[in-house]
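Colleague: The following comprises the amino acid sequence and a computationally predicted model.
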Amino acid sequence: MSRIATRLWAGMMALVLAVLVLMWLFQIVFLERFYNDLRIAGLERAMVRVAGDIGAVLGGGAPSSAELAALTETLDRAAHDEGATLEWMDTAGDTVYTSDDSTGRGPSQAAWAGIRLDAFRKVLDGKTSRNAMTHPRFGGQYLLVGVPIFLEKRVAGALLVTMPLSAVQETADILKRQLFLLSILMSAVAFVLALALARTFSKPIRTITAAARRIAAGSYDTMVRVRNRDEIGQLAQTLEEMARELSRTESLRREFVANVSHELRTPLTLIQGQAESLRDLDRDPVEKKNRRIAVILDETRRLNHMVEEMLDLSRLQAGTLPLERTRFAIPALAFRVVDRFRSLAESQGCTLTFRFDPEEGRDGTVQADEEKIQQVLYNLVQNALQHVGPDGRVDVRARAAGQEVLVEVADNGPGIPPEALPRIWDRFYKGEPSGDGRRKGIGLGLAIAREILSAHDARYGVDSRPGAGTTFWFVLPAA
Ligand SMILES: Nc1ncnc2c1ncn2[C@@H]1O[C@H](COP(=O)(O)OP(=O)(O)OP(=O)(O)O)[C@@H](O)[C@H]1O
Ligand SMILES: [Mg+2]
């Protein structure tokens, strides 16, 4: 049995045993005291009543024989009801009445003459006395209760009652036997139940542990076979989800490495080829040499750009590039980016514009990481310029609307086919290669933009109609 099961089982057994011990304590050890107290209190009440009756009869002058007979009847009944021997003595200590004691249960009067005398004296002082004693021959417990009989506030006699306390002993004995059986039965049932319960608890945990080990060893398709619908079931489910997530990450990582190697190979091959030609064909005309050097420089730049983008992306994803939020105006930033691309746009023969629509005096200030938002805008404008042909248009628009600032980059290029739309934000997604076979980019620009915008909790998206153009947009909360 596993340790958790053992602990569960031991805990449950301890609980049951504690309950049993408490039951023993209360039923057996304290029972006698409870019972005696109740019994004695009841007896005393009854005797005080009887003493009152006697006082009432004596108070009415010399009692008639009918009155005496009625009194005897009352005393007999009280003795019978309480299971006690009753004795009425006058102040001189002479017995006026004694209940029928043919059962002989009480000890002989001689055996406890001393105690009786004590009790009698106390009663003559007007007090109630209570003494316990053990039967000198048979060892049973007896109780002697003395109650004064009052006549006009003076003590006119004593009522002594002897009662055996053995009834409690008997009850306790019966209870003890019952409890003994009950304890054995309960322990047995608890043993089995606790064992079963502990097993049901620990089994799924062991299953989960085994599954976690398999996942750690790399089998991400591990199924955690637990049928529980409780928290343990949820744990199993979470573990399966974690394994799926791990396997996704793992395949993404593999894909990333494959993509990177692929992307690096092309420029490296080109550089190597051109460099080798430069070395081997040194009788090439100068222009040709310069062309080769230009290719080498171009591809080196491309490699640089690629490595930078990859570094940026991995830092962004690892969260090691924390956001440095400052307050800045989106229009000024957008204007700077557009300005940077102006000469490129002119050389391509396309129009690049920027417009800001303020609303009710809002100036488009946001609280964000300025450098990163600039990079997003840079990537979007670069993409747009890459995709519009000559005579194309690229319009950058900023709009302060309510609590938000909206930024749009719209072009009238070829658009993006609907089936490609969900994938353009993926790493290394580059769309279909166009006529010239090879694109300038490596497909990380939008992935970087997505990371940055997600880190800002910004909404972003793209609307595109093939043939009509594309609009990328994002929204930042106004500061
Ligand atoms: N304005 C646009 N019009 C049409 N297609 C676009 C536009 N912007 C992006 N795309 C498509 O989305 C793909 C991914 O863009 P992304 O910016 O991530 O990579 P890239 O531009 O190819 O390379 P990089 O930006 O890393 O240099 C592009 O290759 C292109 O197919
Ligand atoms: Mg790009």
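Modeller: Alright, I've got the coordinates. Ligands and ions are numbered 1, 2, ... in the order given.
Colleague: can you give me the mean pLDDT across stretch 360-368?
Modeller: Average pLDDT, stretch 360-368: 88.
Colleague: same deal with stretch 119-136?
Modeller: Rounded mean pLDDT across stretch 119-136 is 86.
Colleague: partners of E408 in the sheet?
Modeller: Assessed by DSSP bridges, E408 has beta-bridge partners R397, W473.
Colleague: And the residue of the chain at minimum distance from ligand 2, what's its pLDDT?
Modeller: Closest residue of the chain to ligand 2, CB to the ion: G445 (2.7 Å). For the C-beta atoms, the positions are set from N, CA and C on the backbone; glycine is no exception. G445 is assigned 92 on the pLDDT scale.
Colleague: try T6
Modeller: 89.
Colleague: Nearest spatial neighbour of it, chain-adjacent residues omitted?
Modeller: Counting by CB to CB, 6 or more residues apart in numbering, T6 lies nearest to A198, which is 7.3 Å off, once chain neighbours are set aside.
Colleague: okay, now that neighbour: neighbour count?
Modeller: When counting by other CB atoms under 10 Å, one arrives at 22 neighbours for A198.
Colleague: ok, it to ligand 1 distance?
Modeller: Counting by CB to the nearest ligand atom, to the nearest Å, the gap from A198 to ligand 1 is 56 Å.
Colleague: so who does that residue touch?
Modeller: 1, 4-6, 8-9, 12 (CB atoms under 8 Å, 6 or more residues apart in numbering).
Colleague: Would you mind checking which of these is nearest to V388?
Modeller: I4 (66.3 Å; CB to CB).
Colleague: Low-confidence stretches in the protein?
Modeller: Within the chain, the stretches with pLDDT under 70 are 1, 100-111, 166-168, 433-440.
Colleague: same thing but 50
Modeller: Within the chain, the stretches with pLDDT under 50 are 102-105, 437.
Colleague: before we move on, the earlier item: phi first, then psi, for the residue nearest to T6.
Modeller: phi -60, psi -40 (degrees, to the nearest 10).
Colleague: Also A158?
Modeller: Dihedral angles for A158 - degrees, to the nearest 10 - are phi -130, psi 150.
Colleague: that older thread, tell me which of the contacts of A198 fall in helices.
Modeller: 4-6, 8-9, 12 (DSSP state H).
Colleague: Selecting buried members of those residues in ChimeraX, what would you type?
Modeller: Command for ChimeraX, covering only those of these found buried under the criterion 16 or more other CB atoms under 10 Å:
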select :5,8,9,12
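Colleague: Between the ones in helices among the contacts of A198, which sits nearest E82?
Modeller: M12 (46.6 Å).
Colleague: Among the ones in helices among the contacts of A198, which pair sits farthest apart?
Modeller: I4 and M12 (12.6 Å).
Colleague: How much space separates the residue most central in space within the chain from P204?
Modeller: Centroid-nearest residue in the chain: E231, 9.1 Å away (criterion: CA atoms, centre = their mean). Distance, E231 to P204, by CB to CB, to the nearest Å: 10 Å.
Colleague: And for R340?
Modeller: Distance, R340 to P204, using CB to CB: 61 Å.
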